[in-house]
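Trainee: Here is my input; please provide its structure:
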Amino acid sequence: RIKEHFPGGSASNGYGLTETSSVTSMNSGDDYVRKPDSVGPPVPVVDVRVVDADGVDVPAGEKGELWIKGPNVVRGYWNKPEATALSFSAGWLHTGDVARLDAEGFIYIVDRAKDMVIRGGENVYSVQVEAVLFEHPAVADVAVIGVPHLVLGEEVGAVVVVRPGMFVTADELRAFCSERLAAFEIPTHFFFRSDELPRNPAGKVLKTELRTRYGASA
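Mentor: Numbers count the residues shown, from 1 in each chain. Prediction:
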């Protein structure tokens with residue numbers, strides 16, 4: 001679709017954080033065509049690891065937290081020793097992002113750890129559910145959140161902004177998701193709104209605000 005609309009352009013993808021002075025990895029050219037879901041291999045000065053809860057490297061293909069080390073990584077947070085101790089160890093930045101590495105060292109970002117929904121012991125990655133819902137023609141914007149549940153711990157909720165002049169029901173969206181997602185990943189709760197999703201100045205959806213607003217109502 002990008003080539004269709006921009007014949008002279010080419011697609012690329014990348015990844016980084018404020019703490020990594022922006023860039024960590026880049027995916028472009030033939031690599032992007034081969035692996036469009038990846039944010040690419042780390043740039044030459046950067047080392048990355050994907051680790052389990054104990055900080056031990058996981059095998060290629062398995063999910064864990066992405067750690068980053070390099071001269072572009074800051075040494076800590078200004079006047080915040082507690083936050084620094086939680087996010088840095090031996091020069092490694094603990095990103096809080098769930099990721100996996102393939103056999104070629106390409107990084108795939110799965111989700112933010114804090115945005116992952118744990119439904120009855122099953123990990124539901126919000127970005128995967130959002131990606132499916134974005135494909136529905138009536139969905140202009142969407143954010144997936146965890147909704148408290150007494151037995152399961154959490155259920156999957158989706159806050160949906162519908163395109164002007166269009167209409168869609170929760171049942172229609174569930175049916176749409178059922179063709180593309182596992183049963184435990186399909187949102188149980190849909191919350192429809194006509195105004196934009198709340199975002200911070202960097203454009204990131206404020207999911208904490210959404211969880212506070214919609215979690216209680218569910």
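
Trainee: pLDDT score assigned to the residue nearest in space to the middle of the chain?
Mentor: The residue lying closest to the centre of the chain (CA atoms, centre = their mean) is residue 111, at 3.1 Å. Residue 111 carries a pLDDT score of 88 in this model.

Trainee: Make sure it is actually in contact with residue 128.
Mentor: Yes. Under the criterion of CB atoms under 8 Å, residue 111 makes contact with residue 128 at 7.4 Å. (Each C-beta comes from the backbone N, C-alpha and C, glycine too.)

Trainee: Now do the helices in this protein.
Mentor: Here the chain has its helices, by DSSP state H, at 2-5, 29-34, 81-87, 126-134, 170-178, 207-217.

Trainee: If you count neighbours, what's buried in the fourth one?
Mentor: For helix 126-134, the buried set under the neighbour-count rule, 16 or more other CB atoms under 10 Å, comprises 126, 129, 130, 132, 133.

Trainee: cool, the fifth one as well?
Mentor: Of the residues in helix 170-178, 173, 176, 177 count as buried by neighbour count, 16+ other CB under 10 Å.

Trainee: what's the answer for the third one, then?
Mentor: Buried residues in helix 81-87, counting neighbours by 16+ other CB under 10 Å, are found at residue 87.

Trainee: And for the second one?
Mentor: Applying a neighbour-count criterion of 16+ other CB under 10 Å, the buried positions in helix 29-34 are 31, 32.

Trainee: just to revisit the earlier point, would you quantify the distance from the residue nearest to the centre of the chain to residue 196?
Mentor: The gap separating residue 111 from residue 196 is 22 Å, by CB to CB, to the nearest Å.

Trainee: who are the neighbours in contact with residue 189?
Mentor: Listed by CB atoms under 8 Å, 6 or more residues apart in numbering, the contact set of residue 189 reads 147, 155, 156, 157, 158, 214, 218.

Trainee: Derive a ChimeraX selection command for the buried subset of those residues.
Mentor: The following ChimeraX line selects those of the contacts of residue 189 that are buried, judged by 16+ other CB under 10 Å:
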select :147,155,156,157,158,214
